[in-house]
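A.B. asks: whatever this is, show me its structure:
(chains A and B, ligands or ions: 1)
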Amino acid sequence: MTTWIILGGTSTIARAFARKAADRGEGVILAGRDADDLAATAADCAARGAPLGESIRLDARDPLTFGPIAERAGRISDEIGIAVFVGSMPSQEEIDSDPALIDGVVADNYSGPARLLHELAPLLEDRGAGTVIGVGSVAGDRGRIGNYVYGSSKSGFHAYLSGLRNRLGRSGVHVVTVKPGTVDTAMTWGMEKLPFLAPPEKIVQDIFRAADKKKDVIYTPLIWWPVMTVIRAIPERVFKKMSI
Amino acid sequence: MLWKTAELSGWGRALRGPAQLARPERASTLAALQSEVPAPAIGMRRSYGDAPLNSGGKAIDMTRLDRVLSFDADTGLLEVEAGARLGELVRIFAPKGWLPPVLPGTGLATVGGAIAMDVHGKNHHGAGTFGCHVRALSLMTPKGPKTVKEGSALFKATIGGLGQTGPIYSAKFQLLRTKGDVIVVTERRIEGWDAFISYLDASDATYTVGWIDATATGNALGRGILEEAETGGGLVPPAKRGKKVPVDAPDFTLSPPVVRAFNAAYWRRVPNAGRTVVKPIDDFFFPLDRIHDWNRLYGKTGFHQFQCVVPLAQAGALREILARIARSGLASPLAVLKRMGPGRAGYMSFPMEGYTLAVDFPNRSGAEALISELERDAAKAEGRIYLAKDALAAPETIRSMYPEHGDWLKAVRKADPGAAYETDMTRRLNLRGAE
Ligand SMILES: Cc1cc2nc3c(=O)[nH]c(=O)nc-3n(C[C@H](O)[C@H](O)[C@H](O)COP(=O)(O)OP(=O)(O)OC[C@H]3O[C@@H](n4cnc5c(N)ncnc54)[C@H](O)[C@@H]3O)c2cc1C
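C.D. replies: Okay, here's the model as predicted:
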């Protein structure tokens, strides 16, 4: 049995993930900033059948909040699962007019989660079992003109997860990298013309299947695998003139 | 990215209109939206007409605020966010031995929509409306959350109140005990109108509903199938999968000869002597939900539903209403007859003790004229038409049918002096205008 620590528990996909975990009879500890919202999701999960529904404070930009989470993880007697949904995506235009925003984007999408995972890694190695799910993005596969600051932070996170997989795999802990395409969330609501927009429940279904089957890297929905294979194959001298 | 332009339509798809739509996922976002621009809340848009429309204005889609906030496993008292769908609550709680107290014919209706229309179910004769089981409500006002006490004028104006007192953020209501998540249904073939009424009067089942062949005339007028049911446990019915209507159906799909033939076959499906079957609970309560988007069967122009209730003493008038429908040949196979009890919880609630008839009509020539005659018949019989289904009525008709409209209006004006929560329906029916 797994108890999940869900980092970024107020995100749309995280909520769907927590509910699915509850349906499976697994415990959830939701970490994030909006305490009221986390408490509501925790109660919802408990009513749906999670043996544990709790919340704890996490601010990806405030490492002081990491210690208590690692401490709480240490008190989980089940197998430990860590699922990372933390992230933020200001528009490229906002970033272009205020480059200071880049620090926050990197903290939310990469350095915050990486540092917290690093604090948790020894515990996971010690247990010799468990799962880490890191949610990246197809945007991390290539730096596109419309979204490259966000993309580069996710790209850094992908590389981190790849190394962490190698490290933790040696002690029986599995790391899954999830690269979702566009998902119907609060973040994308109102954006125009999003291709292959998927409901959060679909992403979550794919995530659990990948975790159960110990897949390393998945694109979800699957259509993004061929799409990104093509996009990755475009030579840079052509790509640099494209505006996709 | 809080707002998005969307074309809204009710389930009948005959009326449509563009609106700016927000879809908050957190209470704090809903609160912020309400303090900036108060706008009406909408649910799954399972009302047929223009209740969930605000053409040219703003609306708040509540469907992502759908969490269980608390549940007392000893008493069955449940608190949820208003966007929670009733069918999902069945899925979660039936295996634990509890059911929502009232279930309309679709499990996709939200708790907010069930309260704002004070919906009834197949157990109305015993259990009353959904609102009868609500113990507390919380509205999200421009100044923040406000708890509405049971029995207050604001409470009675919110239940069945078409969202006019503001967005319901959460509700606490009482679940009912069930032995499990299957249902035992007895189906009986009914030969005609008089027999149907006597069977409905005599039924002492918890859940009772009649399907009626609204194309049958002469001696067969009012023939149908009576379903009586009780929940149960233990047996495991077979698994099933949903189907989807992929495109708008062509016009002939529901043409009169097709409907007549279908209805006759559907009626004969039940053996003469009747039968008892065990079904999964949602198959009985939400038979149509298995076909996603079935409203597309009516084609691009959509359809209307006429639903009225008349007092017990006016059963004869209801028979004449059915006769008029049967003569017109315009009805679709979806037609329901049921006896209602007196239970209702809001000033503008639909039910009264009597008989209710609901019939779907493809939006074809003649349908609108027929429906306005039916409305006149219902008014003459001291009956009422149901706003959850209405798209066509005139303001005077509704005023004359809802005697507590004045009480409602008073409480609504106090709660929403700026008329920020008006919808296409309240404007069409001038529900917020002077007495
Ligand atoms: C197949 C089918 C079968 C049906 N069977 C029945 C039946 O047996 N009995 C019955 O009574 N009805 C029945 N209905 C009607 C349906 O139950 C009601 O129309 C119900 O209100 C739909 O809920 P909704 O969430 O879709 O609300 P919507 O249609 O989206 O909204 C309905 C009204 O509620 C208001 N509203 C919605 N959410 C909120 C909120 N959070 N706060 C404030 N106001 C809100 C809206 O402003 C609007 O005025 C049926 C409908 C269908 C499609």
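A.B. asks: so what secondary structure elements neighbour the helix ranked longest in chain A?
C.D. replies: Across chain A, the longest stretch assigned as helix under DSSP state H is helix A:148-169. On a contact count with 3 or more Cβ pairs under 8 Å, 6 or more residues apart in numbering or on different chains; DSSP states H and E, helix A:148-169 meets helix A:92-97, helix A:101-106, helix A:112-127, strand A:131-135, strand A:174-180. Yep, even glycine has a C-beta here, placed from its N, CA and C like the rest.
A.B. asks: and stretch B:267-284, how far from the chain's centre?
C.D. replies: From the chain centre to the centre of stretch B:267-284 is a distance of 23 Å (Cα atoms, centre = their mean, to the nearest Å).
A.B. asks: give me the mean pLDDT for that stretch.
C.D. replies: For stretch B:267-284, the mean pLDDT works out to 91.
A.B. asks: for A:Val217, what are its contacts?
C.D. replies: When contacts are counted by Cβ atoms under 8 Å, 6 or more residues apart in numbering or on different chains, A:Val217 touches A:Val176, A:Thr177, A:Lys179.
A.B. asks: any idea what it is bridged to?
C.D. replies: Applying DSSP bridges to A:Val217 gives these bridge partners: A:Thr177.
A.B. asks: isn't B:Gly224 up against B:Leu200?
C.D. replies: No: contact criterion Cβ atoms under 8 Å: B:Gly224 and B:Leu200 do not qualify, at 10.5 Å.
A.B. asks: ok, back up a step: in the longest helix of chain A, what's buried?
C.D. replies: A:149-158, A:160-161, A:164-165, A:168 (16 or more other Cβ atoms under 10 Å in any protein chain shown).
A.B. asks: and the furthest pair within those?
C.D. replies: Farthest apart among the buried residues of helix A:148-169 by Cβ to Cβ are A:Val149 and A:Leu168. That separation is 28.5 Å.
A.B. asks: name the SS class of the residue in chain A that the ligand sits nearest to, please.
C.D. replies: For chain A, the residue closest to the ligand is A:Ala40, as judged by Cβ to the nearest ligand atom, at 15.4 Å. With DSSP: H, G, I helix; E, B strand; the rest coil as the basis, the three-state label of A:Ala40 is helix.
A.B. asks: state the distance from it to B:Leu89.
C.D. replies: 16 Å (Cβ to Cβ, to the nearest Å).
A.B. asks: and the helices and strands packed on helix A:148-169 as JSON lines, adding mean pLDDT?
C.D. replies: Shown next, in JSON lines, are the helices and strands packed on helix A:148-169 (pLDDT from 0 to 100):
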{"stretch": "helix A:92-97", "mean pLDDT": "95"}
{"stretch": "helix A:101-106", "mean pLDDT": "98"}
{"stretch": "helix A:112-127", "mean pLDDT": "98"}
{"stretch": "strand A:131-135", "mean pLDDT": "98"}
{"stretch": "strand A:174-180", "mean pLDDT": "98"}
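A.B. asks: pick the most deeply packed of these.
C.D. replies: Sort the helices and strands packed on helix A:148-169 by mean neighbour count, taking mean count of other Cβ atoms under 10 Å in any protein chain shown, and strand A:131-135 sits at the top with a mean of 25.
A.B. asks: how far off centre is that one?
C.D. replies: Computed by Cα atoms, centre = their mean, the chain-centroid distance of strand A:131-135 equals 7 Å.
A.B. asks: B:Trp211 contacts B:Gly222, correct?
C.D. replies: No: the pair B:Trp211 and B:Gly222 does not pass the contact test of Cβ under 8 Å, sitting 11.5 Å apart.
A.B. asks: overlap of the contact sets of the two?
C.D. replies: B:Leu337.
A.B. asks: so between the two, which is more surrounded?
C.D. replies: B:Gly222 (25 against 22; other Cβ atoms under 10 Å in any protein chain shown).
A.B. asks: roughly how far does the residue nearest to the more buried one when sequence neighbours are not counted sit from B:Arg223?
C.D. replies: Closest residue to B:Gly222 apart from its sequence neighbours, by Cβ to Cβ, 6 or more residues apart in numbering or on different chains: B:Trp193 at 2.8 Å. Applying Cβ to Cβ, the value for B:Trp193 to B:Arg223 is 8 Å.
A.B. asks: the two: which is more packed in?
C.D. replies: Taking other Cβ under 10 Å, B:Trp193 and B:Arg223 do not tie; B:Trp193 has more neighbours (23 against 20).
A.B. asks: identify the residues contacting the more buried one.
C.D. replies: The contact partners of B:Trp193, taken as Cβ under 8 Å, 6+ apart, are B:Leu221, B:Gly222, B:Arg319, B:Leu322.
A.B. asks: for the host helix or strand of the third one, buried residues please.
C.D. replies: By that I understand B:Arg319. For B:Arg319, the element it lies in under DSSP states H and E is helix B:315-328. The neighbour-count check on helix B:315-328 (16+ other Cβ under 10 Å) flags B:Ala315, B:Ala317, B:Leu318, B:Arg319, B:Ile321, B:Leu322, B:Ile325, B:Ala326, B:Ser328 as buried.
A.B. asks: tell me the residues of chain B that contact the ligand?
C.D. replies: Taking Cβ under 6 Å from any ligand atom as the contact definition, chain B meets the ligand at B:11, B:40-47, B:51-52, B:62, B:82, B:104-106, B:109-110, B:112-114, B:116-117, B:119-121, B:162-163, B:167-168, B:288, B:388, B:423.
A.B. asks: please redo it, this time with the cut-off set to 5 Å
C.D. replies: Residues of chain B found near the ligand (Cβ under 5 Å from any ligand atom) are B:11, B:40-47, B:51-52, B:62, B:82, B:104-106, B:109-110, B:112-113, B:116-117, B:119-120, B:162-163, B:167-168, B:288, B:388.
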